[in-house]
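Visitor: Got a predicted structure plus its sequence, pasted below:
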Amino acid sequence: MLFMVIEHFDQARVKDVYARFKERGRMAPDGVRYVDSWISADLGRCFQVMECDDIALLQEWVLQWGDLVRFEIVPVAPSKATAAAVTKHL
């Protein structure tokens with residue numbers, strides 16, 4: 001299953017986030033796969049697509065960063081898959 005993970009950074013702590021990432025990596029448990037990410041121009045948010053079949057694994061990952069980052073996690077589907085599902089009902 002795919003998830004859009006929106007990480008909200010305290011802009012005063014962005015350097016801390018990147019320092020931890022440089023030191024420890026993403027810290028995602030086995031079973032959570034990073035797909036891609038984008039950072040907002042103001043450095044306040046990171047938009048990440050992650051793949052995972054077990055929500056508890058995402059929760060473990062969130063706990064690794066909770067002191068620096070506030071998370072919003074939204075289950076998403078590829079546009080092509082959604083279009084195919086909708087087309088069946090037209």
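Guide: Looks like it came in fine. Model, not experiment: these values are computed from the prediction.

Visitor: ok, now how distant is D53 from E7?
Guide: Using C-beta to C-beta, to the nearest Å, we find D53 at a distance of 21 Å from E7. Every C-beta, even on glycine, is put in place using the N, C-alpha and C of the backbone.

Visitor: can you check T82 too?
Guide: 24 Å.

Visitor: more neighbours, these two?
Guide: Under the neighbour definition other C-beta atoms under 10 Å, T82 and E7 were set side by side, and E7 has more, 20 against 11.

Visitor: Okay, and the beta partners of that one?
Guide: Beta bridges link E7 to C46, F71, judged by DSSP bridges.

Visitor: after the strand or helix carrying E23, next one along is what?
Guide: E23 is located in helix 14-24, with elements delineated by DSSP states H and E. Counting by DSSP H and E, the next helix or strand C-terminal to helix 14-24 is strand 32-39.

Visitor: And the average pLDDT for the helix holding E23 is what?
Guide: The average pLDDT within helix 14-24 is 96.

Visitor: What of stretch 75-87?
Guide: Rounded mean pLDDT across stretch 75-87 is 93.

Visitor: Counting neighbours, which bits of it end up buried?
Guide: For stretch 75-87, burial by neighbour count (16 or more other C-beta atoms under 10 Å) applies to no residue.

Visitor: Equivalent analysis for stretch 58-78, please.
Guide: Within stretch 58-78, the residues that qualify as buried are 58, 61, 65, 68-69, 71, 73, counting by 16+ other C-beta under 10 Å.

Visitor: For V49, state which of those is nearest.
Guide: I73 (11.1 Å; C-beta to C-beta).

Visitor: Next up, phi/psi of that closest one, please.
Guide: phi -120, psi 120 (degrees, to the nearest 10).

Visitor: Could you list which of the buried residues of stretch 58-78 belong to strands?
Guide: 69, 71, 73 (DSSP state E).
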